[in-house]
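> here is my input, please return the structure:
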Amino acid sequence: AVALGAAAREALRLADILEELLGAARDTLGARRPPTGSKALDEALGRLAQAIRAWLAALDTEALSDSDHRRMREIVTFVTQIDQAGSVARRILLPHAAALWKDGQPVGEAGVDELRALLDRLTGNLRAAASLFMTEDPRAARLLAEEKAAFRQLEEAATRTHLERLRGGAAEAVGASALHLDLLRDIKQINSHLVAAAAYPVLERVGALLPSRVVEADRA
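Okay, here's the model as predicted:
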């Protein structure tokens with residue numbers, strides 16, 4: 001129990017590092033170049049995630065109870081998903097954010113403000129995921145899972161807007177719209193990792209998560 005508690009506390013440090021990466025992405029939206037130090041944050045996140053997994057792998061699994069095994073799986077899931085979210089933030093989200101200011105892309109202030117608001121919402125979801133990881137509250141898990149649908153709806157709306165601009169034929173507006181859509185997809189992908197990290201394990205435990213969301217053909 002002590003070893004698992006220590007691993008869980010270290011896993012929360014991963015969430016702190018990821019929040020710094022999201023803050024760097026937000027700052028990049030208003031700057032001409034990415035902030036320094038984001039690569040070091042990404043590397044630190046990867047090293048810590050690997051150290052936690054190695055720590056758990058070294059435990060005597062025969063001495064663990066069923067609840068201990070469950071908690072170990074939840075910690076591994078959280079660590080893996082946060083690590084993957086950090087990779088998306090560092091290697092995809094940050095470059096896309098920096099690209100808004102390259103090649104004379106016409107970025108409207110309203111579009112930048114919208115992306116900042118979405119990153120703020122994503123940061124709030126990250127904090128909710130970290131809290132849920134410790135409390136394992138089913139109601140909080142449902143609320144976090146609902147954010148996945150919310151971000152999907154935002155992406156669908158942005159896609160429709162982008163297609164309208166394509167039909168309009170304004171090359172500069174189309175370029176800025178494509179970058180905006182890329183950033184929204186990056187944010188949505190990171191949010192999906194957060195939901196998988198903290199919400200899904202709790203919902204699965206209480207029987208509130210379907211094994212598959214795909215409707216079988218013979219039942220459609």
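> so where do the helices sit in the chain?
2-28, 38-57, 66-88, 94-99, 109-135, 138-168, 171-194, 200-205 (DSSP state H).
> in CSV: these, plus mean pLDDT and mean neighbour count.
To be clear about C-beta, it is placed using only N, CA and C from the backbone, and glycine gets the same treatment. Listed next are those as CSV, based on pLDDT from 0 to 100; neighbours: other Cβ atoms under 10 Å:
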stretch, mean pLDDT, mean neighbour count
helix 2-28, 94, 18
helix 38-57, 94, 16
helix 66-88, 96, 19
helix 94-99, 86, 20
helix 109-135, 91, 17
helix 138-168, 86, 15
helix 171-194, 84, 20
helix 200-205, 94, 18
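> skipping adjacent residues, who's closest to the residue nearest to the spatial centre of the chain in space?
When Cα atoms, centre = their mean is applied to the chain, the residue found nearest the centroid is I190 (2.3 Å). Closest residue to I190 apart from its sequence neighbours, by Cβ to Cβ, 6 or more residues apart in numbering: A85 at 4.7 Å.
> pretty sure E20 sits against A40.
No: counting by Cβ atoms under 8 Å, E20 stays clear of A40, with 10.1 Å between them.
> any idea how far A49 lies from E114?
To E114, A49 is 31 Å away according to Cβ to Cβ, to the nearest Å.
> one more: D60?
Distance from D60 to E114, by Cβ to Cβ: 51 Å.
> likewise for L210?
32 Å.
> A85 now?
Taking Cβ to Cβ, one finds A85 at 21 Å from E114.
> also T123?
From T123 to E114 the distance is 15 Å (Cβ to Cβ).
> right, I'll call it a day here.
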